[in-house]
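> pasting the sequence and the predicted model now:
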Amino acid sequence: MLGCLVEKEITTPEYYPLSLNALMNACNQKSNRDPMMGLDEDAVRKALRSLTDQYVVRSASGDSRVAKFEHRLNELYNFHRHEIAVLCVLMLRGPQTPGELRTRSERMYAFEDLEAVHSALNLLMRREPPLVKVLPRQPGTKEVRFMHLLSGNVEQEGATESVEADRGALSTQDRDRIEQLEAEVSELQRELETLREQFAAFQRQFQ
């Protein structure tokens, strides 16, 4: 539903903000949706209450006697246009490759090349908290996919099996290198935690 509000604001601004009926139609449309939904009015109202409670949607003031709704993502996150386009497509169509994102976001933002898509994804991943993450590569595929984190960090079904399958295909030397790197990262994390504790103790001396 949040993705629908973002999409309609960009692609059909003359009809935005959306009424309850228009929002329900946007959620239930058969194109550019994965999965496709069949929400009734009660489900839409319930979702709107939840999004309003989270401060990402609000009722839009205006002269119309029909209640209308708008999203607040730009107020909360101050997105660049290419960021909001990528995030919108991820909300509407689930995990996707950079190539799919470039093609499916054309109506909202025209990316010059895949590098521009990666730039938007990197910005979203570097936000605090991150809004996008890269998924483990699926067996038999060459490209990785990305998913949004607005609903929390949901582990993709089969992701663990995919990682284990990839590891099984590695040479012994590669596996040893990965294990060594993982051990080094773990050690660095422990050292960082120790430094944090020491710094906190140092600060307390002056309080």
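Here it is on my side, so go on. Numbering: from 1, shown residues only.
> which of the three states applies to residue 142?
Residue 142 falls in the coil class when you classify it by DSSP: H, G, I helix; E, B strand; the rest coil.
> that one: neighbouring residues, count only.
7 (other Cβ atoms under 10 Å). The C-beta positions use only the backbone N, C-alpha and C, and glycine is treated the same way.
> so how far is residue 129 from it?
Separation of residue 142 from residue 129 (Cβ to Cβ, to the nearest Å) stands at 29 Å.
> low-confidence regions, the chain specifically.
62-63, 155-176, 186, 207 (pLDDT under 70).
> now the strands for it?
For the chain, strands defined by DSSP state E occupy the ranges 18-19, 57-60, 68-71, 132-134, 146-148.
> could the ones you listed be laid out in a markdown table, adding distance to residue 83 and mean neighbour count?
Formatted as a markdown table, the strands of the chain follow (distance: least, Cβ to Cβ, whole Å; neighbours: other Cβ atoms under 10 Å):
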| stretch | distance to residue 83 | mean neighbour count |
| --- | --- | --- |
| strand 18-19 | 22 | 20 |
| strand 57-60 | 19 | 16 |
| strand 68-71 | 14 | 20 |
| strand 132-134 | 9 | 16 |
| strand 146-148 | 11 | 20 |
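> contact partners for residue 193?
With contact set as Cβ atoms under 8 Å, 6 or more residues apart in numbering, residue 193 has no partners.
> what bridges to the most centrally placed residue in the chain?
For the chain, the residue nearest the mean C-alpha position is residue 148 (1.8 Å; Cα atoms, centre = their mean). Taking DSSP bridges as the rule, residue 148 bridges to residue 132.
> max-length helix in the protein?
Assignment by DSSP state H gives helix 172-204 as the longest helix of the chain.
> ok so, going back, enumerate every residue touching the residue nearest to the centre of the chain.
Counting by Cβ under 8 Å, 6+ apart, residue 148 has contacts 87, 90-91, 124, 131-132.
> distance-wise, check it relative to residue 6.
11 Å.
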